[in-house]
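1. fold the following and give me the result.
(2 chains)
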Amino acid sequence: MNVLAAFENGAVLLLLPPLLPGIIGKTKAVFGGRKGPPFLQSYHDILKLVGKGAVYSRTTTAMFRLGPVLSLAALMVAGALVPLAHDSPTSFPGDALLFAYLLGLARFATMAAALDAGSSFEGMGASREAAFSSLAEPALVLALAALFRATGGLSLNRMFGGAQWSVSGAGLVLIGGGLFLVLLSENSRIPFDDPATHLELTMIHEVMTLDHGGPDLAFILYGSSLKLLLWSSLLVRLLVPLPPGALGWAVWTGGVAALAAAVGVVESSMARLKMTRVPQVLVLAVCAAAFAVMLALK
Amino acid sequence: MSPTSRLRALRSPGAVELASIPIVPIDEFRASVLRAAKAGLRLCALFSRAAEGGTGLCAVLADDARGLLYVVFSEPAKTCRSLACELPSAHLFEREIAESSDVEVEGHPWLKPVRKGFPDSVAFFRESGAEIHEVAVGPIHAGIIEPGHFRFQCHGETVHHLEIQLGYQHRGVEALLAGGPDRRSAFIAESISGDTAIGHATAYCANLEALAGVRGGLRGEALRAAALELERLANHIGDLGALSNDVGFLPVAAYFGRLRGEFLNMLAALSGNRFGRGLVRPGGAAFDLTAGMAADFSKRLAQARTDLNAVSGLLFDSASVIGRFDETGAVSLTTARDLGLVGLAARASGLDLDVRRDHPHGLYRFRHIPAVKMESGDVYARAMLRHLESLRSLEFLEELVADLPRGAARGAYPAPRPGLLAVCLVEGWRGEICHVAETDGEGRFRGYRIVDPSFHNWAAVAMAMRGGEISDFPLCNKSFNLSYAGHDL
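-> A predicted model of the protein is given here:
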């Protein structure tokens, strides 16, 4: 049973993530009156990049090559902890904190590789990423605290074990709203970052990976879609009660796809924030999570 | 002594005999330019010209209130004292003089090359300090735009100084036109800045007609004005789309892009080219608008007006867009006046300048188009001004197309007369285009000088970034959308 579940989760984590950028792209294309790239475009991109060679600047060190690998490894381990439609088979009490730190490790690896490139653009990107994620992290930790208080569990399986709207509806709205903002910020989406822009001076996440190519870039693309899937899965499990069995997979998949479409709708209906305003919105997410903690403590 | 007493007055577009233009000693030249500037005249052009016995200078000043231009020559000189410290709008002209002629400019703060220097051979201003970092962008950019090098001195995200180095597009346009007019000249004029083909061709043709002593027929003038407004509409609306794109508001960007195509298509219907190349020719316009086409244009313009209002509503009613545009890249009225900004950038900062009203040429002498200005000088002002000017242009065009003057689209024009200096100002979509032509004893161009509005306005981009966020630079730059080719010539 456990082995089967592990295979099931592993296969989904390996195969599904690149679909999400496709859904977001299609949604944006519909709003823009375009056909847009096919749903499976990210798979093609990743496969193409894996087959390519990489070019490394002579000014970089091993850190530059280690960055994408370490980052992806950390995200994959984090993926093993996250419950999808069914509970994660490799769960233990306290894995929620490990999850947060694994995301931090992935980010650290990306930032260190960016700084290693020695370009002023990448340095700026790393500095922005560090500044904004330091505001996104408290929101996650506070949301985890509220969930711990509400569910009594210390593992992601228990904390995100099925929405109980009748018991703590207000808290769920606050946590859900806060985590959605964190999802947008962590996955460098509008209004925090613009993954579609070509203007390197305005980028946050994309600019850190400008010097990576070939398989390294494939790792980065796959890693970022995996990260989006993990966050989406947590949000879906937080907000939607999942039935057991195959129906659970159907509801979960629908939820994750709907969340990706929601990201596309947000991106199509508003402009990106001025960079000085980003912290203000992230503080909003922190406040929402803090209020959820208060509700849970009452 | 009146501030203009030693200057030769003329109206744009117009030609005066070279012999009637005062040639004054270089110190008096400087004094009279300063005196005129102090009296409120604007420096349109300042350049070196070959004179008997050496190289002298020529200044063109504009009295916008009275619709007059003033020209003055200096005697040949080896050196001249710089005007830049007292008249900042002269700073770039003087750098150009120092670079391209043998006149030495003394007392200029920094005679950095304008067009012929490249980053390898040119020093940059550098701020020092442990927390200062430098960011270099270009000349090769991530988007499909022209080449230019931007050097930022930053403290964290805050820009302390931006230095703009252009010159990568220098093609020697003025040298190519000298010796003309010949069969290439009109094509060269259209290529000065590809997005302003109509504007520059209009200025070139108006100069040729002034030199020949004729005026284009009214119908030809009307077709030129229609094309100039179509060019303005296509560019303004294209820029609104580009601004939406830069803030990540993609659906509206696509909508504006489609709308821009409407105006390019109308230009194509009129001239066979989406940018109106080949339309504006000496004597009038090379192609006419038939009654059937005019009726079709009327319909398309009315539809475009509805669409423009709808899509601009989407842009300007969106709080997130306004939050991004407001107070970004502001240029104060004082800065705008000091730097001698022209056109849209000047009007966004509250300078009330519009060549179509102040120095009307062609059809604008008879049909007026209201000038619009804003106060705040930020990205919002420049965006909103594009919308408002587009509406004015649409109204103007709808009236014009419904009631086109009769007559031939193109009249005869004789060869240019010898020994004249012709000056023409045209309000292109970016702003004031100034062309100055001088004919020799045989009626050929002895010199042809061009000032694109971008030449005046690039310094404003650098000023707009001072104290701003480096992440706002692309948006700020786009809100000016200046021409690299027009600056580099």
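2. residue 194: what's it in contact with?
-> No chain in the question, so chain A it is. For residue A:194, the contact set (Cβ atoms under 8 Å, 6 or more residues apart in numbering or on different chains) comprises A:202, A:203, A:272, B:248. (C-beta placed from N, C-alpha, C; glycine too.)
3. you answered for a different chain; I wanted chain B.
-> Residue B:194 neighbours (Cβ under 8 Å, 6+ apart): B:275, B:485.
4. what's the per-residue pLDDT of the spatially closest residue to residue B:29 that is not a sequence neighbour here?
-> Excluding the flanking residues, the one nearest residue B:29 by Cβ to Cβ, 6 or more residues apart in numbering or on different chains is residue B:74, at 3.6 Å. At residue B:74, the model reports a pLDDT of 89.
5. then residue B:117?
-> Residue B:117 carries a pLDDT value of 64.
6. still on that earlier bit, so the residue nearest to residue B:29 bridges to which residues?
-> Counting by DSSP bridges, residue B:74 is bridged to residue B:24.
7. correct me, but residue B:468 touches residue B:378?
-> No: under the criterion of Cβ atoms under 8 Å, residue B:468 is not in contact with residue B:378, lying 10.0 Å apart.
8. intersection of neighbour lists for the two?
-> By Cβ under 8 Å, 6+ apart, residue B:468 and residue B:378 have these common neighbours: B:328, B:329.
9. neighbour-wise, which of the two wins?
-> residue B:378 (22 against 19; other Cβ atoms under 10 Å in any protein chain shown).
10. ramachandran coordinates for the more buried one?
-> phi -100, psi -170 (degrees, to the nearest 10).
11. that one: what's it in contact with?
-> B:325, B:326, B:327, B:328, B:329, B:330, B:331, B:348.
12. the same query, at a cut-off of 7 Å, please.
-> Neighbour list for residue B:378: B:325, B:326, B:327, B:328, B:329, B:330 [criterion: Cβ atoms under 7 Å, 6 or more residues apart in numbering or on different chains].
13. ditto for residue B:198
-> So residue B:198 contacts B:227, B:228, B:231, B:276, B:279, B:280 (Cβ under 7 Å, 6+ apart).
14. would you agree it falls within a helix?
-> Yes: looking at residue B:198 with DSSP: H, G, I helix; E, B strand; the rest coil, it is inside a helix.
15. roughly how far apart are it and residue B:274?
-> 12 Å (Cβ to Cβ, to the nearest Å).
16. check residue A:107 too.
-> To residue B:274, residue A:107 is 47 Å away according to Cβ to Cβ.
17. quick one: which of the two has more around it?
-> Taking neighbours as other Cβ under 10 Å, residue A:107 and residue B:274 compare with residue A:107 leading, 23 against 16.
18. show me which residues of chain A are close to chain B?
-> Neighbours of chain B within chain A, by Cβ under 7 Å from any Cβ of the partner chain: A:28, A:31-34, A:120, A:190-191, A:194, A:197-202, A:268, A:270-272, A:274-277.
19. what's the single longest helix in chain A?
-> Longest helix in chain A by number of residues (criterion: DSSP state H): helix A:120-151.
20. thinking again about what came up before, point out the ones among the contacts of residue B:198 that are inside helices.
-> Mapping these onto helices (DSSP H) picks out B:227, B:228, B:231.
21. and the last one, what's its pLDDT?
-> Reading off the confidence values, residue B:231 has pLDDT 94.
22. what sits against residue A:284?
-> residue A:181.
23. ok, now how distant is it from chain B?
-> From residue A:284 across to chain B, the span is 14 Å (Cβ to the nearest Cβ, to the nearest Å).
24. surely that residue is within a helix?
-> Yes: counting by three-state DSSP, residue A:284 is found in a helix.
25. measure it to residue B:233 for me?
-> 41 Å.
26. and what of residue B:65?
-> In terms of Cβ to Cβ, residue B:65 sits 29 Å off from residue B:233.
27. of these two, which one has the most company?
-> Shown here are residue B:65 and residue B:233; by other Cβ under 10 Å, residue B:233 has more neighbours (28 against 9).
28. where does the closest residue to that one other than its chain neighbours land in three-state SS?
-> Once flanking residues are discounted, residue B:233 sits nearest to residue B:263: 4.6 Å by Cβ to Cβ, 6+ apart. Under three-state DSSP, residue B:263 falls in the helix class.
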